[in-house]
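**Student:** Provide a 3D model corresponding to the input given below.
(one chain, ligands or ions: 2)
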Amino acid sequence: METPFIFGKIATEKNFTDREQETANLVQNFTSQINTIIISPRRWGKSSLVCKATKLAMEQDSNLRICHIDLFNVRDEEHFYSLLAQKVIAATSSKWEEAVESAKAFFSHLVPKISIGSDPSNEVSIDFDWETVKQNPDEILDLAEKIAKKKQLKIVICIDEFQNIAEFSDPDYFQKRLRSHWQQHQRVAYCLYGSKRHMMMEVFTNSSKPFYKFGDLMFLNKISTPYLVAFFNTRFADTGKSISEDAANLIVQLVDNHPYYAQQLAQQSWLRTRDVCTVEIVREAHSALVEQLSLLFVTITETLTVQQLNYLKALIAGEKAISSTKVMHRYKISSTTSIARSKAALIKNDVLDNKAGEISFQDPIYAYWLKTVYFAN
Ligand SMILES: Nc1ncnc2c1ncn2[C@@H]1O[C@H](COP(=O)(O)OP(=O)(O)O)[C@@H](O)[C@H]1O
Ligand SMILES: [Mg+2]
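**Tutor:** Ligands and ions are numbered 1, 2, ... in the order given. Now for the predicted structure:
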């Protein structure tokens, strides 16, 4: 039997809950060509939300084309430009012949090297001589606008893990260039999203940076309890099982409303359930999940410094005034400078999240493991 929960993949249809307002706003921005920036930690549902809004927006507007680019493994401009060209052409062509045609027609300085895959989808891949791209990147940056005009289309370019461009060589110069082109586009809008809150904030909210005030800023939250509880109820019922109210609430509480973990723990609980999922089953599933992840947690923990761990210990204990002499002494924290340094490093490596000064653990299961296993020993 197919299991009713999914995690680690895009949540669609029955697997998707909540986000009504966010979906409506995003569809509105896509169809009216407003730039949008979405920020949330990883696994909170950005890709799923963008995917849902993409479908709805394209249903509403037959002249709209939306292309998706993921920068997760893109580390330099060269790779960025070739992906951009390729995805824009693919999204605006209905057949591979048309894609080849576009690749030839829309460049004047650049000479694309076109190759067609041998698989049945015949995906067209386009490459350029990097030296000429370096001299004429404008052709690629304006490609979407050109195609949109020519074919009477509207285009939205969605770029995931956008913060990676901050790691290119000379990122400010590169961002200036992107912005100066993109802000002139009439028929192309951009949806830029990423998982590193601190880096995304730096790119989009620092008034000295090129992308300052580029578009609507959307902070995606976790999923609220009533939606998750209703979602568990439906998915259990769809498969001829049920879940008690207490059990459903316990799942939400144990994963701290984290969308990915909510689905994962629900799945583990569902697998252990014959008819009715109880609190005991959820607790058992949770222990198994913690156990399953513990090796990973050990690995993460090994990369942390003693001062970082001391700081985490104080956080986990719920200390409010960590920089007070008493608390610093209790947790062997050497100085307030050490706190600031630990905090910055832990945010940078995604252990902690800083939401307008409110510090929390990105991974609720890791926080639980630190508390009940690591620091308990
Ligand atoms: N709207 C949603 N409803 C239910 N589950 C969701 C939703 N959004 C995300 N999830 C869960 O979180 C996981 C990660 O979602 P994803 O969209 O890939 O997040 P992100 O792009 O922010 O990393 C999904 O596989 C799914 O389990
Ligand atoms: Mg994603």
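**Student:** got the residues of the stretch 151-300 of the chain near ligand 1?
**Tutor:** Residues of the stretch 151-300 of the chain that fall close to ligand 1, judged by CB under 6 Å from any ligand atom: 195, 259-260, 263. Yep, even glycine has a C-beta here, placed from its N, CA and C like the rest.
**Student:** could you dump the longest helix along the chain to CSV, C-alpha only?
**Tutor:** For the chain, the helix reaching the highest residue count under DSSP state H is reported as helix 279-302. Presented in CSV, the C-alpha positions along helix 279-302 are these (Å, rounded to 0.1, in the frame of the first residue of the first chain):
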residue,chain,number,x,y,z
VAL,A,279,0.2,8.6,21.9
GLU,A,280,2.3,5.5,22.8
ILE,A,281,2.8,4.8,19.1
VAL,A,282,3.9,8.3,18.4
ARG,A,283,6.4,8.2,21.3
GLU,A,284,7.8,4.9,20.0
ALA,A,285,8.1,6.3,16.5
HIS,A,286,9.8,9.4,17.8
SER,A,287,12.4,7.4,19.7
ALA,A,288,13.1,5.4,16.6
LEU,A,289,13.5,8.6,14.5
VAL,A,290,15.9,10.1,17.1
GLU,A,291,17.8,6.9,17.1
GLN,A,292,17.9,6.8,13.3
LEU,A,293,19.3,10.3,13.1
SER,A,294,21.7,10.0,16.0
LEU,A,295,24.7,9.1,13.9
LEU,A,296,24.2,12.3,11.8
PHE,A,297,23.8,14.3,15.0
VAL,A,298,27.1,12.9,16.4
THR,A,299,28.8,14.0,13.2
ILE,A,300,27.4,17.5,13.4
THR,A,301,28.3,17.8,17.0
GLU,A,302,31.9,16.7,16.4
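**Student:** now for the following helix or strand past that helix, which elements pack on it?
**Tutor:** Sequence order places helix 306-316 as the next helix or strand after helix 279-302, per DSSP states H and E. Under the contact definition 3 or more CB pairs under 8 Å, 6 or more residues apart in numbering; DSSP states H and E, helix 306-316 sits against helix 336-348.
**Student:** Can you list the neighbours in contact with the helix it packs on?
**Tutor:** Where contact means CB atoms under 8 Å, 6 or more residues apart in numbering, the residues beyond helix 336-348 that reach it are 197-198, 304-305, 307-308, 310-312, 322-323, 328, 333, 352-354, 359.
**Student:** Which parts of that helix count as buried, going by neighbours?
**Tutor:** By neighbour count with 16 or more other CB atoms under 10 Å, helix 336-348 contains the buried residues 338-339, 341-343, 345-347.
**Student:** Then stretch 246-265?
**Tutor:** Neighbour-count burial for stretch 246-265, with 16+ other CB under 10 Å as criterion, is recorded at 247-252, 254-265.
**Student:** Next, the distance between the ends of it.
**Tutor:** Across stretch 246-265, the terminal residues are separated by 15 Å (CA to CA, to the nearest Å).
**Student:** And it, how far out from the chain middle?
**Tutor:** Its chain's C-alpha centre lies 20 Å from the corresponding centre of stretch 246-265 when counted by CA atoms, centre = their mean, to the nearest Å.
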